[in-house]
Structures are given as C-alpha cells and as structure tokens.
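S.K.: Need coordinates for the below:
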Amino acid sequence: MSARAPFVFRGDPRGLRQLRIATADDLDRIHELEEARWSATSAPVGQLACDPRFLALVDDDGNGRIRLREVQAAHRWARERLRDPACLATATDTLRLDDVHPEHADGKAMRALGERLLRELGKPAATRTLALAEIRAFRDSYAKRLPNGDGVVTAAQATDPDLAALCREVVEATDGAPDLSGEAGARAQDVATLRARMEALLAWTAEDEAPAGDAPNPLEPLGADTAAAAALVAGLRPRLELHWARCDLVAHEQGAAARLAATPEALAALDVRDPAAIRTFLEEAPLAPPDPQGRIDLEGPGLNPLHADALRRLAREVLPRVPGAAPEGGGPVRVLERRHWQAVLGLLGPRLDWEARRPQGLPGSVDAARARALLAGDLLGRLEALCAQDGQASHELQQVGNLEQLALYQRWLMELANNFVSFPALFEPGQRALFQAGRLVLDGRDLAFTVNVDDRGGHKKVMSTSSLFVVYVELTRKEGGAERKREVAAAVTAGTRGGIEVGKRGVFYDRDGKEWDAQIVDLHAAPISLLEAVFAPFTRLKALVGEKVEKLTSGALEGVEQKASGAVATAAPPAAPAPAGGGFRDVLVGGGIAFAALGSTLAFIVKTLSDIDPKQVGLMLLLTVAFVALLSGFLGWLKLRRRDLSTVLEASAWAMNARMFLTRPQSVRFTRRPPLPAGSKVLRRRTWAALLWLLVALGGAGAAAWRWRADLEALVNPPAPAPAEPAPAGPGPEAAAPEAAPGGG
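M.R.: Numbering: from 1, shown residues only. This is a model prediction of the structure:
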C-alpha cells in the first residue's frame with residue numbers, strides 16, 4: 001500500500017500557511033486538518049454569492065451561518081454518493097449518471113429516477129447527463145402531479161369536483177398546508193380536524209331540538225322569534241352593561257357625570273366635515289346620558305342615534321313578550337329600566353349562552369345539513385385516502401431532491417471549501433472569492449475588494465481597528481418599477497485618496513453584471529500607499545498654512561477697513577461737501593500707504609536674509625524636509641504592513657483564524673487604474689513653457705533682491721542726518737554790523 005501524499009500548504013511572505021485545495025484528494029484532507037488551521041471557521045449565509053438552495057442544504061440547522069463542521073458533513077454526503085470523487089473538482093452542475101455510486105442506498109434509486117427523467121426529456125440513452133436546470137424543471141412539474149410525495153392534496157389535483165370542493169372547505173377551515181406546487185392543500189390531519197368540528201356542530205345543533213312531549217324548549221322561549229330577539233339582545237348587551245355601570249358610578253359620585261361627558265378638547269379634535277369620523281365618534285359615545293336611577297328615556301333627548309333604533313325595537317318587539325318587563329297597559333316600553341333588562345336576560349340567557357358555544361373554525365358553506373351529509377357519505381374518507389396515497393410517493397420525491405443536491409455539491413462544494421480553508425482567490429490573479437460582492441468604479445479606479453454590509457455602524461466599529469482605507473457605498477437600482485437599495489464596503493488599496501470623499505458618486509457592477517448607482521455615504525480613512533504617507537505631513541502643513549494665511553489676511557483687511565473708515569469719519573467735516581477730485585486723492589494716498597507697507601516688508605525680509613548664509617538655509621531646509629518625509633514614510637510603511645483583509649470579513653460577521661495581510665500584488669489588483677488602450681495617442685498641453693518662464697522670473701527677482709539688498713535697506717530705512725556743528729563765538733552786535741563804505745559821510 002502506497003503512502004499517502006503529504007499535506008501541501010501555500011506559503012505567504014508574512015508567514016501565513018494555508019492548505020492548498022486544488023484537487024479532489026486535497027478536498028479529502030479537510031477532515032484531517034485541525035480547526036485552528038482553517039482560515040475561517042464560520043460565515044453568514046448572506047455573505048456568500050452562490051446558489052441559495054446550495055447554501056440552505058449545507059446550513060443543515062437553518063441558523064443562517066455555515067460552520068466548518070457543516071462543510072465537512074456536506075463533503076461526506078457527496079463523497080459517499082459519487083463513484084469518482086474527482087467529479088467534485090470539475091465545478092460543473094451537469095451530473096453524469098454513471099458517476100453516481102450504484103451500491104449506495106440512495107445511489108441506485110437516484111440512477112433509476114435519472115434514467116426515467118432522460119426518457120421523459122427525450123434525450124439519447126448514451127448521453128446519460130442531467131443538467132441542474134433539467135432536474136429542477138422536472139421537480140417543478142413533478143410537484144404539480146398527484147401523487148408528488150408531500151401528503152398534500154390541492155383542489156387542482158383532485159379530478160372529482162366533489163373532492164375539489166371538499167378540499168377548498170378543508171383549507172378554508174384549517175388553512176391547510178403548502179403543497180410542492182405552491183398552492184395550499186389538505187392533509188390527512190386537516191381532514192380529521194374538519195370531521196371533528198362538524199361532529200361538534202351536529203352535537204351543538206341537537207341541543208336546540210324540541211324535547212319529547214309537550215315540555216317547552218328552553219332555547220326557544222319566544223318560539224320562531226327567539227333567534228331574532230337573541231341577536232338583537234346580543235348586539236346591545238355590551239353597551240347596556242357599560243351604561244348601567246356608568247349609572248352606578250354617577251349615583252355614587254356626583255362629580256363623575258362631568259368626567260363621563262365629552263370634553264371640549266375631544267370635540268375640537270373631531271372633524272365635523274367627515275361623516276366617517278363623526279360615525280366613529282358616535283360608535284364610542286354612550287347610549288344615553290348616565291342616570292342615577294339607571295333609566296333610559298327612549299323618547300327623550302341625548303339618545304345615541306346610532307343605537308336608538310335597536311333600543312326602540314327592543315322596547316317594541318321584545319319587552320312586551322317578556323314576563324316582568326311588559327307594561328301594565330300594554331304597548332311598547334317608553335323608559336327602559338334595569339329591571340326590564342334583567343328580565344330579558346333571565347328569559348333569553350340560556351339561548352345566548354347556547355349561541356356563544358357554537359363551534360368555531362367551520363367554513364361558511366358548512367351548516368348542519370352539509371355537515372350531516374359529509375359525515376354520512378364517503379367524501380371525507382376518499383380525501384384522507386388520497387392524502388395517504390400522495391404521502392407514499394415521498395421516497396421518489398426525495399430522490400429528485402438528492403439529484404439536485406448532488407449536482408449543486410458538484411458545482412459549489414470545492415469553491416465553498418476554498419473560501420473557508422485557504423482563500424486562494426485572494427492570492428491568485430483572475431479569481432474572485434465568494435464574498436466579493438462585485439466591483440466599484442469610482443474616481444477613475446476599479447475597486448474589486450467589496451463586501452455586503454447589513455449594519456454599517458457595527459461594521460465600521462470593527463473596521464476602526466484596521467489599517468485599510470474603506471468606503472461605505474449606498475447602491476440603488478430600479479427593478480420592475482420598484483427601487484432596490486443595498487450597501488457595500490469597498491477597500492481602496494493602491495494609489496492615493498485623490499477625490500474620494502463622502503458624496504462622491506460612481507457605478508457598481510454586481511456578480512451578475514447588473515449596474516447600480518453608487519454614492520459614498522461614509523468612510524474609514526487610513527494611508528493607502530507609501531507615497532501618500534511620505535507627503536502626508538506636507539499636505540497637512542499646506543492646508544494649515546493656507547487656513548492661517550486666509551484667516552490672517554481676512555483679519556488684516558478687516559482691520560484696515562475699520563481704521564480707514566474711522567479716519568475718514570474723524571477727518572471729514574460732516575456738513576462740508578467733498579472736494580472735487582477727492583476720490584483720486586484717496587486712491588493715491590491709499591496706494592502710497594500700501595507701497596510703503598510692501599517696501600517695509602520687503603526690507604525686513606531682505607535684512608533677515610542678508611544675515612543668513614543661503615547655503616546653510618538651503619541645507620537645513622533640505623535636511624528638515626528629508627527627515628520629516630523619511631519619518632512619515634517609515635510610520636506609513638508600518639501601517640501599510642498592518643493592512644489586514646481578514647478584518648473586513650470579521651466586520652461582516654465572519655469567524656476568522658488567519659491574518660491575511662495585504663501584499664503589494666494584491667493591492668494593485670484590488671484597486672486598479674486601467675491603462676490607456678493599446679495604440680492610444682496622448683495630446684499634451686504645453687504648460688512646461690509657462691512654468692519655465694515663471695521659474696526664471698522668480699529666480700531673477702530673487703537675484704535682484706539679493707544684489708540690491710543694501711540699497712533697498714537704505715531706501716526703506718535711511719540713515720539719520722549728522723548733527724549740525726555749533727557756530728564759533730564772535731563780537732557783539734556791533735561787530736556784526738556792516739562796515740561803512742569808504743568815503744561815506
């Protein structure tokens with residue numbers, strides 16, 4: 001006996017080891033693999049994009065989650081019924097009958113039923129293949145037949161019109177049970193339930209039969225009019241009982257009458273233009289105003305108009321025939337008292353109690369005569385026998401289900417196992433995992449790592465521990481005139497954030513290729529790439545400086561405007577007219593002030609730069625930028641290494657064992673910016689020339705400022721004038737007098 005091949009694990013640079021499941025032999029190893037070596041141990045059914053019937057079969061306890069033991073049980077079920085387990089690696093839903101194990105208890109019956117199905121489909125005997133769609137079409141047509149194995153008979157399946165009518169009566173009485181065809185039908189226990197209710201109806205009806213001899217019937221005190229009188233009394237009974245109770249309350253507490261009356265607030269809320277609202281109000285209103293003596297004046301005011309006719313009929317048709325309630329002089333009763341009512345209940349009470357015990361749950365078409373005919377005939381027995389005959393065909397129906405289950409397992413089981421054990425679709429190009437909901441086209445990128453989200457708050461709470469950049473997208477689509485909505489989370493794994501913000505729109509393509517409108521409604525921000533991490537401090541600094549400059553500029557302008565307004569208001573006489581040309585003068589003055597301010601600022605900058613060695617400034621600036629960039633890049637690199645795809649699944653209620661850290665090939669595959677089509681020609685705008693001239697101009701301005709920095713400084717800050725020398729001492733005023741010209745007189 002040859003030794004069994006060893007386990008083969010897929011290695012990952014980050015240390016992840018996953019069992020490789022590529023063949024049917026690899027699939028057999030899931031029973032030997034320790035649970036802790038599975039990448040996932042359970043997952044919600046709603047996160048797996050495969051045939052819903054397949055998921056329902058694997059989820060044998062119906063709790064909405066698939067666990068690893070259920071995956072193993074599904075594999076055992078399929079492995080036992082297949083002659084060659086290699087069929088499980090074909091991933092096809094076309095079942096070959098020769099691959100069904102003929103020695104298995106179910107296999108022989110499945111093959112026989114499959115051959116019958118081939119004959120009904122008219123396929124050549126040599127074909128011996130059944131597609132899943134053909135099996136399901138046979139099952140649907142089989143479900144409409146009789147017998148179909150579910151023990152339920154519908155009216156459409158009963159060829160006898162009398163049996164069909166009885167089926168409808170059974171369903172009306174008991175609600176029946178759903179047939180495989182989708183219609184409601186009768187089961188044997190439902191027929192038995194109707195039989196018991198009809199027997200109870202006949203026993204109840206027998207109580208109203210006249211006793212032997214001349215003894216009066218206690219259930220017919222008014223003869224043929226008893227039923228009508230009892231119906232009238234039964235209708236008034238709850239309202240009259242409430243009226244007598246309110247009368248007792250008013251007799252005991254005088255202030256209760258005001259509380260029982262309609263409040264102004266209730267009347268104000270009543271829509272007096274709506275007849276239905278008024279009728280509803282009167283239905284809840286008392287029969288009459290409560291009276292301490294417990295009387296109702298049938299001719300007086302305050303009688304509820306909705307029930308006044310019934311009260312007068314009681315006084316006219318019933319009370320004159322009730323001992324103790326009839327008036328002495330004959331005629332109708334005009335004032336109804338409690339003693340009259342008690343006399344009526346005493347006479348008709350047995351009849352009312354008997355009617356209250358009428359058996360319930362019978363269809364309207366079944367009265368005593370119909371019940372007597374059904375119980376005496378054979379229709380009930382025939383329907384019960386038909387239900388039993390239908391139930392005996394359940395073994396054949398089970399084999400139809402087994403054929404469908406085997407075809408589904410052959411198609412999906414290996415893929416499901418891979419999505420629990422090793423997730424190869426995440427590491428191999430061209431594949432897609434079962435949990436990936438589709439692809440999102442957004443901001444010039446194609447995002448492939450998407451999952452369905454049922455609870456955004458809970459999902460984002462778990463995602464807060466992840467280093468992934470994730471956007472939450474609301475999807476909308478119209479189907480059949482109705483708008484469908486759902487939500488997905490998409491991971492952005494490559495490039496930069498760009499224009500990804502809340503409110504950004506895109507388009508989403510689900511696994512079936514259907515198109516959905518997409519809009520970002522929330523996001524969890526994190527570094528996307530190393531380049532973004534390097535420039536992150538400078539991006540934040542740019543935003544901060546821009547914000548501060550804008551704030552300082554707006555504040556300075558506001559201060560200048562306030563000072564200028566104050567100066568103008570102080571200097572200008574309020575009554576003096578403005579001199580001609582004053583506007584131009586103000587412009588010149590303002591321009592001079594602005595020019596002086598700019599000159600002072602430029603001089604300060606030039607003076608500061610003149611004291612600093614430009615080489616040292618450039619070197620220090622370069623070193624600072626390099627240090628910040630390297631530090632930010634290193635910290636970003638550490639965060640990028642922690643990007644864990646399993647966190648996204650855990651946020652979607654998966655139970656994960658393995659940490660699936662995002663690799664570089666994965667990141668560019670899950671977030672892809674498509675290249676231009678082959679042979680494309682790019683027409684570039686010549687913006688480099690303008691940029692070059694701008695750089696030359698800035699360089700020239702800087703060189704001139706450096707060359708003439710001393711002159712600019714002297715211009716803005718001129719040197720103080722030298723002090724004047726003192727005049728030499730001389731004679732007095734006489735000496736200063738001019739000498740007389742020679743020869744003067």
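S.K.: Now do stretch 226-243, average pLDDT.
M.R.: The average pLDDT within stretch 226-243 is 88.
S.K.: next one: stretch 300-313
M.R.: 85.
S.K.: Could you pull out the buried residues of that stretch?
M.R.: 303-304, 307, 310-313 (16 or more other C-beta atoms under 10 Å). All C-beta spots, glycine's among them, are computed from the backbone N, C-alpha and C.
S.K.: which pair in these spans the largest distance?
M.R.: Maximum pairwise distance among the buried residues of stretch 300-313 (C-beta to C-beta): 14.3 Å, between Asn304 and Arg313.
S.K.: Identify all contacting residues around stretch 499-519.
M.R.: 49, 432, 436-443, 450, 471, 473-477, 486, 488, 492, 520-523 (C-beta atoms under 8 Å, 6 or more residues apart in numbering).
S.K.: Any idea how far it is from the middle of the chain?
M.R.: 16 Å (C-alpha atoms, centre = their mean, to the nearest Å).
S.K.: Any idea how far apart the tips of it sit?
M.R.: The first residue of stretch 499-519 is 13 Å away from its last residue (C-alpha to C-alpha, to the nearest Å).
S.K.: what do you get for stretch 489-501?
M.R.: 14 Å.
S.K.: Pull the number of nearby residues for the nearest residue to Trp637 once chain neighbours are set aside.
M.R.: With C-beta to C-beta, 6 or more residues apart in numbering as the criterion, Trp637 has its nearest non-adjacent residue at 5.9 Å, and that residue is Leu530. Other residues near Leu530 number 15, with proximity taken as other C-beta atoms under 10 Å.
S.K.: Leu530 against Leu635, yeah?
M.R.: No: the criterion here is C-beta atoms under 8 Å, and Leu530 misses it with Leu635 at 10.7 Å.
S.K.: and for those two, which residues touch both?
M.R.: Contacts common to Leu530 and Leu635, judged by C-beta under 8 Å, 6+ apart, are absent.
S.K.: and the residue nearest the centre of the chain, what pLDDT?
M.R.: The chain has Asp454 as the residue nearest its centroid, 5.3 Å off, counting by C-alpha atoms, centre = their mean. pLDDT recorded at Asp454 is 91.
S.K.: Kindly report the same for Arg295.
M.R.: For Arg295, the model assigns a pLDDT of 86.
S.K.: mind giving me the domain split of the chain?
M.R.: 9-145+393-425, 223-356 (automatic domain parsing).
S.K.: most neighbours per residue, which of these?
M.R.: domain 9-145+393-425 (a mean of 17; mean count of other C-beta atoms under 10 Å).
S.K.: That domain: how far from the chain's middle?
M.R.: 31 Å.
S.K.: Could you list the low-confidence segments of the stretch 201-350 of the chain?
M.R.: Along the stretch 201-350 of the chain, segments meeting pLDDT under 70 span 210-215, 328-331.
S.K.: if you set the cut-off to 90 instead, what comes out?
M.R.: 203-231, 233-350 (pLDDT under 90).
S.K.: Please enumerate the helices of it.
M.R.: Using DSSP state H, counting those that start in this stretch, the helices of the stretch 201-350 of the chain run over 226-252, 256-260, 264-269, 275-284, 308-313, 338-356.
S.K.: what does the fourth one rub up against?
M.R.: Residues outside helix 275-284 that contact it (C-beta under 8 Å, 6+ apart): 270-272, 304-306.
S.K.: Repeat the analysis, applying 10 Å as the threshold.
M.R.: 239, 262, 266-267, 269-272, 274, 304-307 (C-beta atoms under 10 Å, 6 or more residues apart in numbering).
S.K.: same question, the fifth one
M.R.: When contacts are defined by C-beta under 10 Å, 6+ apart, helix 308-313 is touched by residues 228-229, 232-233, 235-236, 239-240, 287-288, 296, 298-299, 303-304, 319, 332-334, 336.
S.K.: any idea how far Pro359 is from Tyr472?
M.R.: 58 Å (C-beta to C-beta, to the nearest Å).
S.K.: buried ones in the helix or strand harbouring Ala489?
M.R.: Assignment of secondary structure by DSSP states H and E places Ala489 within strand 482-492. Buried positions in strand 482-492, judged by neighbour count with 16+ other C-beta under 10 Å: 486-492.
S.K.: possible to save those residues as a markdown table with pLDDT and distance to Thr174?
M.R.: Formatted as a markdown table, the buried residues of strand 482-492 follow (pLDDT from 0 to 100; distance: C-beta to C-beta, whole Å):
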| residue | pLDDT | distance to Thr174 |
| --- | --- | --- |
| Arg486 | 94 | 39 |
| Glu487 | 95 | 42 |
| Val488 | 95 | 45 |
| Ala489 | 95 | 47 |
| Ala490 | 94 | 51 |
| Ala491 | 93 | 54 |
| Val492 | 92 | 58 |
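S.K.: Could you identify the most distant pair in these?
M.R.: Farthest pair in the buried residues of strand 482-492, by C-beta to C-beta: Arg486 and Val492, 19.7 Å.
S.K.: ok, back up a step: what is the nearest of the buried residues of stretch 300-313 to Met414?
M.R.: Nearest to Met414 among the buried residues of stretch 300-313, with distances taken as C-beta to C-beta, is His307, at 74.3 Å.
S.K.: What distance do you get for the residue lying closest to that closest one once chain neighbours are set aside to Ile296?
M.R.: Once flanking residues are discounted, His307 sits nearest to Leu287: 5.6 Å by C-beta to C-beta, 6+ apart. Relative to Ile296, Leu287 is positioned 7 Å away (C-beta to C-beta).
S.K.: same check, this time on Asp248
M.R.: Taken as C-beta to C-beta, the span from Asp248 to Ile296 is 14 Å.
S.K.: cool, and Glu169?
M.R.: In terms of C-beta to C-beta, Glu169 sits 44 Å off from Ile296.
S.K.: Thanks again, I'm all set now.
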